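Chemist: sequence below, structure please.
(one chain, ligands or ions: 1)
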Amino acid sequence: NPKLFARDRHVCAYCGKRSPEDDLTREHIVPTSRGGADSWMNCITACRGCNAHKGNRLCEEVGMGLLYLPYVPNLHEDMILRGRRILADQMEFLLASVPRSSRLHV
Ligand SMILES: [Zn+2]
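Modeler: Got it, this is the predicted structure:
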């Protein structure tokens, strides 16, 4: 989960609130109980309140929209998200290979 929260910059995809890791949950856009996969593209960061409110339902059923979309981190981005100790010059090298659209650049 820490990797998922880092990808989503600790921001809830439903209400946009930024929370500490303790208040965040891994939210499946299509619930696993309804055939949703446990994958990068079906997972998003949500605060406990929004996750509980959505429960086992689909976004359309609750009228909740996503503020941002999930994506699969590329290899270099993945290394950064894993939070290894990275030296400054290596970090620069890695960031150069991360797509401009990545939230790691924001
Ligand atoms: Zn929320």
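Chemist: and Ile44, that's in a strand?
Modeler: Yes - membership of Ile44 in a strand is supported by DSSP: H, G, I helix; E, B strand; the rest coil.
Chemist: bridge partners for it, pull those for me.
Modeler: For Ile44, the beta-bridge partners are Glu27 (DSSP bridges).
Chemist: quick check: it vs the ion, distance?
Modeler: Distance, Ile44 to the ion, by C-beta to the ion, to the nearest Å: 10 Å. For the C-beta atoms, the positions are set from N, CA and C on the backbone; glycine is no exception.
Chemist: verify the contact between that residue and Ile29 for me.
Modeler: Yes - counting by C-beta atoms under 8 Å, Ile29 is a contact partner of Ile44 at 5.9 Å.
Chemist: touching the least confident helix or strand in the chain by mean pLDDT from outside, list them.
Modeler: Lowest on mean pLDDT, DSSP states H and E among the helices and strands of the chain sits helix 88-96, with a mean of 80. Applying C-beta atoms under 8 Å, 6 or more residues apart in numbering, the set of residues contacting helix 88-96 from outside is 76-77, 79-80, 86, 104-105.
Chemist: ok, and the most crowded of the residues you listed?
Modeler: Glu77 (22 neighbours; other C-beta atoms under 10 Å).
Chemist: tell me the contacts of that one?
Modeler: Contacts of Glu77 (C-beta under 8 Å, 6+ apart): 94, 98-99, 102, 104.
Chemist: how about the residues of this protein by the ion?
Modeler: 12, 14-15, 47, 50 (C-beta under 5 Å from the ion).
Chemist: what do you get if the cut-off is 6 Å, keeping everything else the same?
Modeler: Within reach of the ion by C-beta under 6 Å from the ion, the chain has these residues: 12, 14-15, 17, 46-47, 49-50.
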